[in-house]
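Peer 1: Here is my input; please provide its structure:
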Amino acid sequence: MTFRNALIISVIIHASIGAAFGYKFPHTQAPKVEKKAEVEYVNIKEAAAPAIETPRIELPKNVVIKPVQATAAKEAEVRKTEDYINYYQLIREKIRRRLKQRYADRTREGDVTIVFTLDSGGRLLKADIDEASSGADGVLKDMARNSVIDAAPFPAFPKGVDLPRMSFSITISFRRK
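Peer 2: Numbers count the residues shown, from 1 in each chain. Okay, here's the model as predicted:
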């Protein structure tokens, strides 16, 4: 009986304290009315850029201006030649040999596309992972990139490839056997 009385007194005291501090019980609260979101579109005009005075550059009268070569078109043309195809296969094989040495952890799988640039002497200028078409984890990406770096330098471009530098793209598929 004492416990019951203590419980009733406790409930009455807590309810009166809650009422004194403005607590509203769930059954006494008015339902919330949700307002619809309104979106206003505001056109923002950028301020006009201040006029910047362009410096004058004096050129001697005997300057010869040569048109810029369309290297992309020339590179596309070269890619169709047998010299390029053989050179590309040679590069792929050299990279494949390096990958074979590195790929000891045969539990990881995925595809990595690596884009790299060579100069005409076969020296590696740049090597990057094409993140958009590479779904593999970081370990495989590092392995692929390091294999290309380790495989460098490559042989010089063949005579039929008359360009100062070329970019190559190779997709490496890591698969368990």
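Peer 1: which residues are in contact with the biggest helix by length in the chain?
Peer 2: The residue-count maximum for a helix in the chain (DSSP state H) belongs to helix 82-102. Residues from elsewhere that reach helix 82-102, judged by C-beta atoms under 8 Å, 6 or more residues apart in numbering: 78, 118, 143-144, 146-148, 150-151, 154-155, 157-161, 168, 170, 172. For every residue, glycine as well, the C-beta is placed using N, CA and C.
Peer 1: The same query, at a cut-off of 7 Å, please.
Peer 2: If you take C-beta atoms under 7 Å, 6 or more residues apart in numbering as the criterion, helix 82-102 is touched by 78, 143, 146-148, 150-151, 154-155, 157-161, 168, 170, 172.
Peer 1: Just the ones of these in strands?
Peer 2: Among these, DSSP state E puts 168, 170, 172 in strands.
Peer 1: distance of the first one from Asn5?
Peer 2: Put plainly, it is Phe168. Separation of Phe168 from Asn5 (C-beta to C-beta, to the nearest Å): 88 Å.
Peer 1: Compare these two and say which is more crowded by neighbours.
Peer 2: Taking other C-beta atoms under 10 Å, Phe168 and Asn5 do not tie; Phe168 has more neighbours (18 against 9).
Peer 1: What sits closest to that one if chain neighbours are left out?
Peer 2: Spatial nearest neighbour of Phe168, chain neighbours left out: Phe116 (5.7 Å); criterion: C-beta to C-beta, 6 or more residues apart in numbering.
Peer 1: Can you list phi and psi of the one you found for me?
Peer 2: Here the main-chain torsion angles of Phe116 (degrees, to the nearest 10) amount to phi -140, psi 160.
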